[in-house]
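> coordinates for the following, if possible.
(4 chains)
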Amino acid sequence: MAAEYAELIGDQPGAAVATFTGYVRGHAEGAAVTALELEHYPEMAQKVLMTLGETAAERFKLTRWRIVHRHGSLAVSDSIVWVGAVAEHRGEAISACEFMMDTLKTDAPFWKREEGVAGDKWVAQRGIDTRRRERWQEEAQ
Amino acid sequence: MAAEYAELIGDQPGAAVATFTGYVRGHAEGAAVTALELEHYPEMAQKVLMTLGETAAERFKLTRWRIVHRHGSLAVSDSIVWVGAVAEHRGEAISACEFMMDTLKTDAPFWKREEGVAGDKWVAQRGIDTRRRERWQEEAQ
Amino acid sequence: MNITIKLFAALREALGESELQLDLAEIASDASPADVAAVKAALANRGTDWREALYQPNLVHALNHKVVFTDAVVSEGDELAFFPPMTGG
Amino acid sequence: MNITIKLFAALREALGESELQLDLAEIASDASPADVAAVKAALANRGTDWREALYQPNLVHALNHKVVFTDAVVSEGDELAFFPPMTGG
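You can find the predicted model right below:
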């Protein structure tokens, strides 16, 4: 995280820097989760995240941004995703992080498979994530 | 920043961690700023920031939070303020950071004095900061 | 006149394949090019499990790494991926 | 029957003092306790610069580290601070 942060802000930090980190939960819908397998579509993920960062940069006037998404086998408490945004004003940096998170949840080709004592289970997309994503499209119109 | 982050998340990070850092700008209203002097009211600042964190924790269901505000002589690009919030869901962690920043801007007893080539100048409170602060009171009603 | 088909997550698991080649010549001509719907129909002929997997609601189709609708036209050398709704982040 | 007065930022600078003691006995009695407005009036008697500084619009008053209006009652041992709008963060 420290290295990611240093890479984000560079030599000349902007006035406002917001970050968000998502971690593997130890439970899901009341059941214990022991590990998480993150499948991804590498070439498409790369392109989607790059486009997402560029879109956020334009929309929120970011001077710098970074998105790091892990894949493969993760343990509980491992970080899954890290986003960072640098802007002149705090509102823009914070909104950009929220926009990047809301968008990558539904648009970036990653799939979570939770491993628990009762077996493995693909995680279903949540309605709230779709609605959070749609909110940004309404604002952009 | 790395130490602050480690302190924020502790041994058992929550699922969602948001942070915000504000830095000294090298300019203000078009004029170059060479340094920033931050005066504060220590006993009151301590209490206001503690109450702010506790309010944020209750309002956004945070499991952990941290607010670090510097004072004294700062150079351009030095960090001024760092806030961090840990929650179960990303929306709450991100909103908590925005709430803490918007509130401390107008409610925490710190005063900025910008040093520039043309002399020193106390920074005036900005209308946008007051409005951003009031927004949270409307939402809470 | 091949295209590459990719399958991910639950779809990959259900069908036991992650990547295959499909000859577009069987389903398209210069006069009538194939779209994603035509590719799905051709793959559905492989068996009931394929039909069920490819016609499930919410299936996502990505053509050359971009999400598309079923009317997107598919050309030689394209990469067409099928997968369930994404759950990253 | 002292209270402590604290001044910050531009106010401290304009008045050349950061902290002083004020004897409440001069402005209050058990029957009629002093409020922040009475303390301001008493301090304004110190001179034009005090009057101007303390009656500027947007002046903030904090009694024992809490922002209050001018009708807040002041008691022995209290700490009353005056300062311009805060500009932290």
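
> the residue lying closest to A:Glu39 once chain neighbours are set aside: neighbouring residues, count only.
Spatially, and ignoring its direct neighbours in sequence, A:Glu39 is nearest to A:Trp111 (4.6 Å; C-beta to C-beta, 6 or more residues apart in numbering or on different chains). Placement of C-beta: from N, CA and C, glycine included. Neighbours of A:Trp111 under the rule other C-beta atoms under 10 Å in any protein chain shown: 24.

> show the pLDDT at A:Trp111.
Note for A:Trp111: predicted pLDDT of 98.

> which of the three states applies to it?
strand (DSSP: H, G, I helix; E, B strand; the rest coil).

> show me what contacts it?
Going by C-beta atoms under 8 Å, 6 or more residues apart in numbering or on different chains, A:Trp111 touches A:38-40, A:122-123, C:8-10, C:83-84, C:86-88.

> please repeat the previous calculation with a cut-off of 7 Å.
Applying C-beta atoms under 7 Å, 6 or more residues apart in numbering or on different chains to A:Trp111 gives the contacts A:39, A:122, C:8-9, C:84, C:86-87.

> now, these that are in strands?
Among the contacts of A:Trp111, the ones falling in strands (DSSP state E) are A:39, A:122.

> can I get the contacts of A:Trp111 in a markdown table including neighbour count and pLDDT?
Below are the contacts of A:Trp111 laid out as a markdown table (neighbours: other C-beta atoms under 10 Å in any protein chain shown; pLDDT from 0 to 100):
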| residue | neighbour count | pLDDT |
| --- | --- | --- |
| A:Glu39 | 21 | 98 |
| A:Trp122 | 16 | 95 |
| C:Phe8 | 22 | 98 |
| C:Ala9 | 24 | 98 |
| C:Pro84 | 21 | 97 |
| C:Met86 | 27 | 97 |
| C:Thr87 | 22 | 96 |
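
> ok, the contacts of A:Trp111 vs chain B, which is closest?
Checking these against chain B by C-beta to the nearest C-beta gives C:Thr87 as the nearest, at 14.0 Å.

> can you pull out the strands in the chain?
Reading this off chain A. Under DSSP E, chain A gives strands at A:16-23, A:27-28, A:31-32, A:35-40, A:64-69, A:72-75, A:79-87, A:110-116, A:119-122.

> let's do chain C instead
For chain C, the strands defined by DSSP E cover C:2-7, C:19-23, C:60-63, C:66-68, C:79-83.

> what's the burial count for C:Asp78?
Counted with other C-beta under 10 Å, the neighbours of C:Asp78 add up to 19.

> so what's the nearest residue to it once chain neighbours are set aside up against?
Leaving out its chain neighbours, the residue that sits closest to C:Asp78 by C-beta to C-beta, 6+ apart is C:Ile3, at 4.7 Å. By C-beta under 7 Å, 6+ apart, the contact list for C:Ile3 reads C:22, C:24, C:74, C:76-78, C:80.
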